[in-house]
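A.B. asks: need a structure here:
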Amino acid sequence: MTQTPTQPQARAQIMIPAAHPMVMLLGSGDSLLRVIESAFPAVDIHVRGNEIRATGDAADVALIQRLFDEMMLVLRTGQPMTEDAVERSIAMLRASGNGQGEPQGETPAEVLTQNILSNRGRTIRPKTLNQKRYVDAIDKHTIVFSIGPAGTGKTYLAMAKAVQALQSKQVNRIILTRPAVEAGERLGFLPGTLFDKIDPYLRPLYDALHDMIDPDSIPRLMAAGTIEVAPLAYMRGRAQPVFTNVLTPDGWRQIGDLRVGDLVVGSNGEPTPVLGVYPQGEKDIYRVTAQDGSWTLCCGEHLWTVRTASDKRRNKPWRVLETQEMIGNLRAAHARRYELPLLTAPVCFPEREVPMDPYALGLLLGDGCLTGTTTPSFATEDPELAQALEASLAGVVVRHKGGPDYVLNRVKSAGDVVTLANPVTRILRELDILGTRSHSKFVPDDYLYNSAEVRLGVLQGLLDADGGPVVQADRTCRVQYTTTSIVLRDDVISLVQSLGGVAYTRRRAAEGRTPGRAKGREVQHRYDAHIVDIRLPEGIEPFRLARKRDTYHAAGGGGRPMRFIDSIEPAGREEAVCIQVAAEDSLYVTQDYLLTHNTLNDAFIILDEAQNTSAEQMKMFLTRLGFDSKIVVTGDITQVDLPNGTRSGLRQVQDILEGVPDVHFSRLTSQDVVRHKLVGRIVDAYEKYDNRDSHNGK
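C.D. replies: Numbering: from 1, shown residues only. Next comes the predicted model:
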């Protein structure tokens, strides 16, 4: 007769300090003790006074002894023990024990006493070991995927960490999003306004938010853009029309022509690669115009980095707002509310060889006669400019004819033939400038898109010839430039903006103006004059001519260039595209040297119900990650509501990103369900049923 081997028996005596009332440890009416006895039916547990005795299987007795130690540690924090907490503590000890009662890794007390957030007397904390590891992973990693059945706290804990990060100023905003595909419904077929349509899909996020933040402050935070709640399809569309110009190291290109890996120009003037290009289809488009007349087109969800006068006064960081958030809110006490950032350094275009000194070209474009019918000439009342011009042009002597007139003659050498071309004439022909007059002059592209030194040299020549400082009492000095050429006006504005400055332009009509005088006779104005008011960043010298430079500095220089949003107006519907760039601040230079972006910086972003994203949506969402941001993606891969044939992006992303540094996958199970106990049993039953079907080949 074979005998069943008996388990080794043990006896433990647990003394409870008087500081721990037994009712707190055992529960009202010994409810907690009954939970422990039910979990360890083979162990006899007796309580006398502050002494607990346990007799039975050695491993179980060791676990019970450890359980009471953990319960006392929890009670010392002032947190009460509940039946649920006891059950979870037993499960954690059994899962992590080594058979001798000694836990490996986190202890129940560490799990149950980790506070994430407290609001209105309620504390949010993990309740299971996997939940604690999930919460810890959010602290340690930039992107965390939480995958598990319903009721495991995936979204709720992520929301608590988001609010904690916002309150501790780790991030500037919270973005909550969800794919709106449940039940196969399309938003367009649902009744009501857009808010009415999306509200059912986002309600779980709203409910969690109300548990963690004062409900009265939520509308204010949402109005300020601090909290954004939107369906995934609406969150992604931060785009510009496909024909919008974006600055690249080779000049302007349409945003619709850009591809991943192409270079665009960032806010520091340096090239930055394009990381993603996402067509958006047709979208409502707005024209965003700054007070200096610069403008660009974008959709209502497009992002802008801005700051208010209050932000600046209080030394607050720049904020990120959507276009539509600023509509109707552009003025503060009659002043423009939103300031836009400017280039922090001149744009770095590749250096190109040029046939003429940039400063000399600027002087000739300003006060030179370049018709080609006569020897090139130059007119100035400042001999200093004539000397500078001669010093900058090889093989040319600047001969004074009288008054302000100078002629640029070729320097002749012994043996030269008379038919040799004037060097200046030859270069002007090469640059296609020969034959231009005052109203048709322009800056050649080889100078317009060259190094900062070349561009500044051209600008200084133009300003020394046809510009000057404008001094006003109690104000910094601005620079003014005048030309009758529309193209040259725009080129000067481009030079200024590419150096990090701003330029305002206005027109003075020729008709009705008082005639000028030349050599004692009246000269009628034949063309409108275009006046450009310029402010350049500190450290960029607008003049080389001594008298203008001295006046400029004596007046305190040009002050700080500034740009403010002046208007946002509807501009129809257009095919649009959005790009993501690798710049640290996510900014890129669009039309008129405006800085904009569409990446989510300094944000805590939660994508809920991610099993209902397509593979393309998941890639789009993850690559929208900006700097100093976190992403938490939650979902249950057993509850996919996507149309037949569409693979869940959450399923695919595990194969793609598993093992990628700073990306973590937290997997929760039925043991982590924190709703009704029956939910965990239902999850287990379905999992068992699915496993049976898979084994049967169904």
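A.B. asks: contacts for stretch 106-119?
C.D. replies: The contact list for stretch 106-119, computed with CB atoms under 8 Å, 6 or more residues apart in numbering, reads 67, 70, 73-74, 77, 79, 85, 88-89, 92-93, 96, 123-129, 131-133, 135, 157, 160-161, 163-164, 167, 211-214. Heads up, the C-betas are built off the backbone N, CA and C, glycines and all.
A.B. asks: out of those residues, which are buried?
C.D. replies: Among those, those scoring as buried are 67, 70, 73-74, 79, 85, 88-89, 92-93, 124-129, 131-133, 135, 157, 160-161, 163-164, 211-213 (criterion: 16 or more other CB atoms under 10 Å).
A.B. asks: bridge partners for Y406, pull those for me.
C.D. replies: F378, H400 (DSSP bridges).
A.B. asks: residue contacts, it?
C.D. replies: Residues near Y406 by CB under 8 Å, 6+ apart: S377, F378, A379, T380, A386, L389, V398, R399, H400.
A.B. asks: how much space between the first one and A309?
C.D. replies: The reference is to S377. Applying CB to CB, to the nearest Å, the value for S377 to A309 is 51 Å.
A.B. asks: which one of the two has more residues nearby?
C.D. replies: Ranked by neighbour count (other CB atoms under 10 Å), S377 and A309 place S377 first, with 20 against 15.
A.B. asks: ok, the more buried one to L668 distance?
C.D. replies: 83 Å.
A.B. asks: now do T177
C.D. replies: Distance from T177 to L668, by CB to CB: 21 Å.
A.B. asks: tell me who's in contact with Q254.
C.D. replies: Residues in contact with Q254 (CB under 8 Å, 6+ apart) are V242, F243, T244, N245, V246.
A.B. asks: mark which of those are buried, thanks.
C.D. replies: For these, a neighbour count by 16+ other CB under 10 Å gives the buried set as V242, T244, N245, V246.
A.B. asks: next up, the contacts around the residue lying closest to the last one once chain neighbours are set aside.
C.D. replies: If I follow you right, that is V246. Closest residue to V246 apart from its sequence neighbours, by CB to CB, 6 or more residues apart in numbering: I255 at 4.8 Å. Shown in contact with I255 (CB under 8 Å, 6+ apart): Q240, P241, V242, F243, T244, N245, V246, V577, I579, T590.
A.B. asks: go on, K132?
C.D. replies: Contacts of K132 (CB under 8 Å, 6+ apart): E106, E110, V111, Q114, P126.
A.B. asks: go on, S294?
C.D. replies: Contacts of S294 (CB under 8 Å, 6+ apart): Q497, R563, Q591, D592, Y593, L594.
A.B. asks: now, those residues that are in strands?
C.D. replies: R563, L594 (DSSP state E).
A.B. asks: E609: which of the contacts of S294 is nearest?
C.D. replies: Of all the contacts of S294, E609 sits closest to L594, with 36.3 Å by CB to CB.
A.B. asks: that closest one: how many residues sit nearby?
C.D. replies: Residues near L594, counting by other CB under 10 Å, number 24.
A.B. asks: surely it touches A290?
C.D. replies: Yes: with contact defined as CB atoms under 8 Å, L594 counts as touching A290 (6.9 Å).
A.B. asks: how about the nearest residue to Y593, chain neighbours excluded?
C.D. replies: Leaving aside its sequence neighbours, Y593 sits nearest to Q497 (CB to CB, 6+ apart; 3.7 Å).
A.B. asks: list the residues that contact the one you found.
C.D. replies: Per CB under 8 Å, 6+ apart, neighbours of Q497: S294, L343, A503, D592, Y593.
A.B. asks: next, format the residues you listed as a markdown table and append pLDDT.
C.D. replies: Below are those laid out as a markdown table (pLDDT from 0 to 100):
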| residue | pLDDT |
| --- | --- |
| S294 | 95 |
| L343 | 94 |
| A503 | 95 |
| D592 | 94 |
| Y593 | 95 |
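A.B. asks: closest one of these to R544?
C.D. replies: For those, the nearest to R544 is A503 (19.4 Å; CB to CB).
A.B. asks: show me the shaky parts of the stretch 151-300 of the chain.
C.D. replies: The model of the stretch 151-300 of the chain has pLDDT under 70 over residues 180-203, 223-225, 230-231, 233-237.
A.B. asks: in it, which spans are strands?
C.D. replies: Ranges of strands in the stretch 151-300 of the chain, per DSSP state E, counting those that start in this stretch, are 173-178, 227-231, 240-241, 245-248, 251-254, 263-265, 271-290, 295-299.
A.B. asks: where's the longest one relative to the chain centroid, distance-wise?
C.D. replies: So the one you mean is strand 271-290. Computed by CA atoms, centre = their mean, to the nearest Å, the chain-centroid distance of strand 271-290 equals 13 Å.
A.B. asks: neighbouring strands of that strand in the sheet, and parallel or not?
C.D. replies: Partners of strand 271-290, by DSSP bridges, with direction: strand 263-265 (antiparallel), strand 295-299 (antiparallel), strand 563-581 (antiparallel).
A.B. asks: including distance to D636 and mean neighbour count, could these go into TSV?
C.D. replies: Formatted as TSV, the strands paired with strand 271-290 follow (distance: least, CB to CB, whole Å; neighbours: other CB atoms under 10 Å):
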stretch	distance to D636	mean neighbour count
strand 263-265	39	22
strand 295-299	32	22
strand 563-581	28	18
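A.B. asks: what does stretch 370-382 contact?
C.D. replies: In contact with stretch 370-382 (CB under 8 Å, 6+ apart) are residues 363-364, 367-369, 385-386, 389, 398, 401, 404-409, 422, 424-425, 428-429, 433-437, 441, 464-465, 545, 547.
A.B. asks: got a quick PyMOL command for the buried subset of those residues?
C.D. replies: Provided next is the PyMOL selection string for whichever of these are buried by 16+ other CB under 10 Å:
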select buried, resi 363+364+367+368+369+385+386+389+398+406+407+408+409+422+424+425+428+433+434+436+441+464+465+545
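A.B. asks: any chance of the contacts of S294 in TSV, with distance to G281 too?
C.D. replies: TSV is the format used below for those (distance: CB to CB, whole Å):
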residue	distance to G281
Q497	31
R563	31
Q591	21
D592	26
Y593	28
L594	24
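A.B. asks: ok, of the contacts of S294, which one's closest to Y278?
C.D. replies: For the contacts of S294, the nearest to Y278 is Q591 (19.6 Å; CB to CB).
A.B. asks: separation between that closest one and R287?
C.D. replies: 11 Å.
A.B. asks: ok, A54 next?
C.D. replies: Note on A54: its distance to R287, by CB to CB, is 77 Å.
A.B. asks: settle it for me: which of the two has more neighbours?
C.D. replies: Neighbours were counted for A54 and for R287 using other CB under 10 Å; A54 has more, 24 against 14.
A.B. asks: wait, is that one part of a helix?
C.D. replies: No: residue state for A54 (DSSP: H, G, I helix; E, B strand; the rest coil) corresponds to strand; a helix is not indicated.
A.B. asks: separation between it and Q9?
C.D. replies: Applying CB to CB to A54 and Q9 gives a distance of 11 Å.
A.B. asks: same question for R478.
C.D. replies: For R478, the distance to Q9 - CB to CB - is 95 Å.
A.B. asks: higher neighbour count, the two?
C.D. replies: More crowded of R478 and Q9, by other CB under 10 Å: R478, with 19 against 12.
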